[in-house]
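Q: Could you work out the structure for the sequence below:
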Amino acid sequence: MKIQTLDTRKKNILIHVSILSSIILIVTLSFVISEENAFTLSFFTNYFLQATTSILLLIAPPVYVNIYWIIPRYLVKKRYFIYVVLLLIVIIGWGYIIGYGEPLMDHYWFNQPYQEMAPENGITGMIVIILVSTLLNLSYRWFIQLSKINQIENDRLHLELSLLKNQINPHFFFNTLNNLYALSLEKSDKTPSLILKLSEIMRYTIYDCKEPKVSIGGEITYLENFIELQKMRHHNRGIITFEKNIDNEAKQIAPMILIVFLENAFKHGFDHMEKNAFINFKLETTEELVHLYVENNFSDTENGNEGGIGLENVKRRLSLIYPNAHELKINKKNTVFTVDLKLNLE
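A: As a prediction, this is how the structure comes out:
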């Protein structure tokens, strides 16, 4: 399942319309140039309509079936036998449609001289059409995949450096140490467990997050430790809730994506409010989907959570690691900020 925004779908439709229009225009002009008759508008219009109907009704359907159904479902997934069988069905079946349909269309719709129906010509044409469309689609897929691999690798290297330098916010880190120091002077029973949580956060960010993917369970433990340490810092400023419904904690996800939205909620909410602050953090997962919902309030003097490098970086990472497989909605209404993120893990 691919998740696409409305803007992406509109862009894709516009691209396909432009490509088809260009092909139709090129074919029309080639017909016109090849004729020895003098150019007239009616002459051009007739060939344009003939090229349009032939391409849209006879050529485009098998091409789209091949590149959007047969190739992704069977060739890409290495189900070669089914792929070959389906390809033969399309070539022979649609070859007959072209062989019988094109002469009839040309004769009855465009007053062309009647030509004998020849299904073998249609099948030959289909072989060429399928071969060209398959090679172009595979070349495009290879180019996109190579670009993504290079970009993700570069991004991972930069991320690794930033994790070592900036993963734990210095302000959060030093405040936590100061609070732990105060608790140790009071000989609080909470001190050992909080030190352990801080140690787990440091280990996770420095070592575990070097991997391109981590388990959902590891991310949840990191989030819970972060929340516990934040509760210690903020005491009675407000309420923090973390609701989770996890189908499989072993499922893999890119590291340090979910925490950005939680950090953002604290940075622009709790850190600037003396009381009545709240953060509602909800996380649900299935075998295919991760659904994160974060809701927090902020002070009237704050602009909300929208700005900052953190959100821009996570948007960039999402576009690279989960292209066409994520949906991110960020809203601000009055003094409440919400984030709704869906990740497709398949």
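Q: tell me which residues in stretch 229-242 are buried?
A: 229-232, 234, 237-238, 240 (16 or more other CB atoms under 10 Å). Where C-beta positions appear, they are placed from N, C-alpha and C, glycine not excepted.
Q: For it, the averaged confidence score.
A: Here stretch 229-242 scores 82 as its mean pLDDT.
Q: shaky segments in this protein?
A: 1-8, 36-39, 107, 117, 157-173, 175, 234-235, 302-309 (pLDDT under 70).
Q: ranges for the helices of it?
A: Ranges of helices in the chain, per DSSP state H, are 6-34, 41-53, 60-65, 80-110, 119-166, 170-185, 191-206, 216-234, 258-268, 309-321.
Q: tilt between the last one and helix 119-166?
A: I take that to be helix 309-321. 150 degrees (axes from the mean of the first three to the mean of the last three CA atoms, to 10 degrees).
Q: what do you get for the first one?
A: Interaxial angle of helix 6-34 relative to helix 119-166 (the same axes, to 10 degrees): 140 degrees.
Q: got the buried residues for stretch 329-340?
A: Residues of stretch 329-340 classed as buried: 330, 337-340 (neighbour count, 16+ other CB under 10 Å).
Q: Would you tell me which one of those residues comes nearest to I201?
A: V339 (21.4 Å; CB to CB).
Q: show me what contacts the closest one?
A: Applying CB atoms under 8 Å, 6 or more residues apart in numbering to V339 gives the contacts 261, 264, 292-295, 305, 328-330.
Q: out of the residues you listed, which are inside strands?
A: Judged by DSSP state E, strands contain the following of these: 292-295, 328-330.
Q: Stretch 118-130: which residues count as buried?
A: 121-123, 125-126, 129-130.
Q: what separates it from the chain centre, distance-wise?
A: Relative to the centre of its chain, stretch 118-130 is centred 37 Å away, using CA atoms, centre = their mean, to the nearest Å.
Q: Identify the residues contacting it?
A: Contacts of stretch 118-130 (CB under 8 Å, 6+ apart): 59, 62-63, 66, 87, 90-92, 94-100, 102-103.
Q: Mind giving me the ChimeraX select for those residues, buried ones only?
A: A single ChimeraX command selects the buried members of the contacts of stretch 118-130 (16+ other CB under 10 Å):
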select :59,62,63,66,87,90,91,94,95,96,97,98,99,102,103
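Q: Just to check, S54 is in contact with M105?
A: Yes: counting by CB atoms under 8 Å, M105 is a contact partner of S54 at 7.2 Å.
Q: how close does I152 sit to G238?
A: 38 Å (CB to CB, to the nearest Å).
Q: Please apply the same query to N137.
A: Counting by CB to CB, the gap from N137 to G238 is 53 Å.
Q: ok, now P113?
A: Counting by CB to CB - P113 and G238 are separated by 83 Å.
Q: can you check Y96 too?
A: Distance of Y96 to G238, given as CB to CB: 71 Å.
Q: can you check D247 too?
A: For D247, the distance to G238 - CB to CB - is 30 Å.
Q: With I92 instead?
A: For I92, the distance to G238 equals 68 Å [CB to CB].
Q: Identify the residue spatially nearest to E116, adjacent ones excluded.
A: P103 (7.1 Å; CB to CB, 6 or more residues apart in numbering).
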